[in-house]
Every structure is written in structure tokens, then in C-alpha cells.
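Undergrad: Have a look; sequence and predicted model below, questions after that.
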Amino acid sequence: MTQPISMPWSKPIFPPLPHSWRGVRIAALPFAPRPGSVERILPPGMEPAEGPGVLTLLCYPESDFQLHPFNEFVVMVPVRVDDVVGTYIPHIYVNTDEALIPGREIAGFPKLLAEVRWEREGASFRGSVTRWGECIFEVEGELQGPLPEAVANAQRESASRPSLNYKLIPDPAGGIAIEEITKTQLEIVAREQEIGQARFRARTTPWDALADVVPDAEGPLIVVLSDNTIPAGETLKQIKRKATA
């Protein structure tokens, strides 16, 4: 890299894509969004699509490009942009600025800082997200055994959908410098996959509206050990709304 692509200029926080990790631990929880909630939160240019949402808690080791380990919590709902079907992320939390900055600056992931807990002891799994001292999400589950092949195939099909993100960057005068929908395809190569059952609960606070979309529920828990890569993405659609912020 002869010129930095990120700030600070003298010590860039991330290099060009792709970004890769070996040995990512993932806990995935399919869920049904609250009726009508997806329509209310979608940005311009997106429409709801068929299918369930997915909650994921991830534990990333040190990356191939020397990003420190971090944890992440992601809410994904199915959407459509013209003829492209993918997933939109209305809520995503990480516990380091190194993980937050590239996600927001490159693809427009709306990442926020929080305490994200990922714990496994034997067959028991626990996770939580705490922000500004308030626990906004918690999950407890028990793993039961290897993931059946039929379920694994369905998971691969679901994971093959691209992430469709809304990227909004204001200009110094208070207007809008960039408003677009980006398309990013996360590549996941699973090493181990297990299935179980879990109970989870989301809360809404003055700073986070998580429970407006995610209901309290019980359902499948899928835990995966994988190698993950975020390759270069693309701008899928420019939004022409150039209103003053």
C-alpha cells in the first residue's frame, strides 16, 4: 500500500480489501421480525423480502491483516433492491474501534460500540450485548449435536445472499456527501457446525431500538467455526435524495 485509504493519514487503521479471518466462532439465531417492523426501518431504495431474519453473535480472532480480536452482534432482515435480494443490517454492534471504523467507512454498516459477550462452556452457550450500561440483548442455549446436512444446506443458501447496506455520509456543510446502497458478499467456509436450542430477549432503550424489530423468542441455535473473508464490494444504487441534513 503506497497511499493510505483510511484515517489517520499517518497510521491507517485498515488496509484495502479483502479482509480475512481464520477460526471465527459464530452463533446464529433465526427469528421472525415483529409484524410491520421491517417496513418501518428500511432506508430509501429498499423493500422487504420473503424469509426470516437472523441474529448472529461472532467472535473474531486476530485477523490476517493484524486487526485485534473483537466480538460482534448483527441483526439481519431480508430485503430487495430492484431485482437483487439480500439482507439488510439495521443494527450491528462491535467492541473495538478497529472493527467499527472500516465497517462504517467502506460498506456503510451502521456499527456502534458495545460490550459484546460470547461464551461457550461445554454444550452451554451464553451471549449478551450491553450499551451505555443497559443490556439490550441476551441469549442462553444448549447445543445438542452436529448440524444435519439438510439444515447445513439451507444455511449455506441463506449465507449466500449478499449484504445490502445503506451508506450515508454527511458533507462539512451539513448536507449529504454520499447516499448509496452497497453490496457486499461475505465468504464463509465452515469447518464445524452444531445445532441446539436457545432463548433470547431484546430490549429497547433511549439509545437503541433493538426490541422494536427483535421479539423475545425461543428457537434453533446454530454454532459454526469458520474462516471468513470480506472481499471488495460494489455500489449497487445511488440514492438521489440530496436534502439538507
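TA: Thanks, I have the structure now. Numbering: from 1, shown residues only.

Undergrad: So P69 versus T96, what's the distance?
TA: Distance, P69 to T96, by C-beta to C-beta, to the nearest Å: 8 Å. Glycine gets a C-beta too; all of them are placed from N, C-alpha and C.

Undergrad: Ok, L147 next?
TA: The value you get for L147 to T96, if C-beta to C-beta is used, is 29 Å.

Undergrad: Specify which residue of these two has the higher count of neighbours.
TA: Remark: of L147 and T96, L147 carries more neighbours, 22 against 16, as counted by other C-beta atoms under 10 Å.

Undergrad: Need the three-state assignment for the nearest residue to the more buried one once chain neighbours are set aside.
TA: Nearest residue to L147, sequence neighbours excluded (C-beta to C-beta, 6 or more residues apart in numbering): Q193, at 3.8 Å. Classification of Q193 using DSSP: H, G, I helix; E, B strand; the rest coil returns strand.

Undergrad: Report the beta-bridge partners for Q193.
TA: For Q193, the beta-bridge partners are V224 (DSSP bridges).

Undergrad: Contact partners for A211?
TA: I136, A202, R203, T204 (C-beta atoms under 8 Å, 6 or more residues apart in numbering).

Undergrad: change it to 6 Å
TA: Residues in contact with A211, defined by C-beta atoms under 6 Å, 6 or more residues apart in numbering, are A202, R203, T204.

Undergrad: again, but for F73
TA: Contacts for F73 (C-beta under 6 Å, 6+ apart) come out as L57, Y93, V116, V129.

Undergrad: Kindly recompute the last result at 7 Å.
TA: F73 makes contacts with L57, I92, Y93, V116, V129, F137, as judged by C-beta atoms under 7 Å, 6 or more residues apart in numbering.

Undergrad: Going along the chain from the host helix or strand of it, find the next helix or strand for me.
TA: Using DSSP states H and E, F73 maps to strand 70-81. The C-terminal neighbour of strand 70-81 among helices and strands, as given by DSSP H and E, is strand 84-94.

Undergrad: just for this protein, where's the confidence low?
TA: For the chain, applying pLDDT under 70 flags the ranges 1-2, 241-245.

Undergrad: repeat that with 50
TA: 1, 244-245 (pLDDT under 50).

Undergrad: Show me what the residue nearest the centre of it bridges to in the sheet.
TA: Centroid-nearest residue in the chain, with C-alpha atoms, centre = their mean: V74, separated by 3.5 Å. When bridges are called by DSSP bridges, V74 pairs up with T56, I92.

Undergrad: that older thread, the residue nearest to L147 against S226, yeah?
TA: No. Taking C-beta atoms under 7 Å as the definition, Q193 is not a contact partner of S226, at 8.6 Å.

Undergrad: from the middle of its chain, how far away would the top helix by length along the chain be?
TA: As assigned by DSSP state H, the longest helix anywhere in the chain is helix 149-159. Remark: helix 149-159 is offset 18 Å from the chain centroid, using C-alpha atoms, centre = their mean, to the nearest Å.

Undergrad: Past that helix, which element shows up next along the chain?
TA: Using DSSP H and E, the helix or strand that follows helix 149-159 in sequence is strand 163-170.

Undergrad: ok, which stretches of this protein are helices?
TA: Assigned by DSSP H, the chain shows helices spanning 37-41, 97-102, 149-159.

Undergrad: Quick one, which of the ones you listed gets closest to P52.
TA: helix 149-159 (8.6 Å; C-beta to C-beta).

Undergrad: May I see the buried residues of that closest one?
TA: Within helix 149-159, the residues that count as buried by 16 or more other C-beta atoms under 10 Å are A152, Q155, S158, A159.

Undergrad: which residues are in contact with that helix?
TA: With C-beta under 7 Å, 6+ apart as the contact definition, helix 149-159 has outside contacts at I188, Q193, I195, I222.
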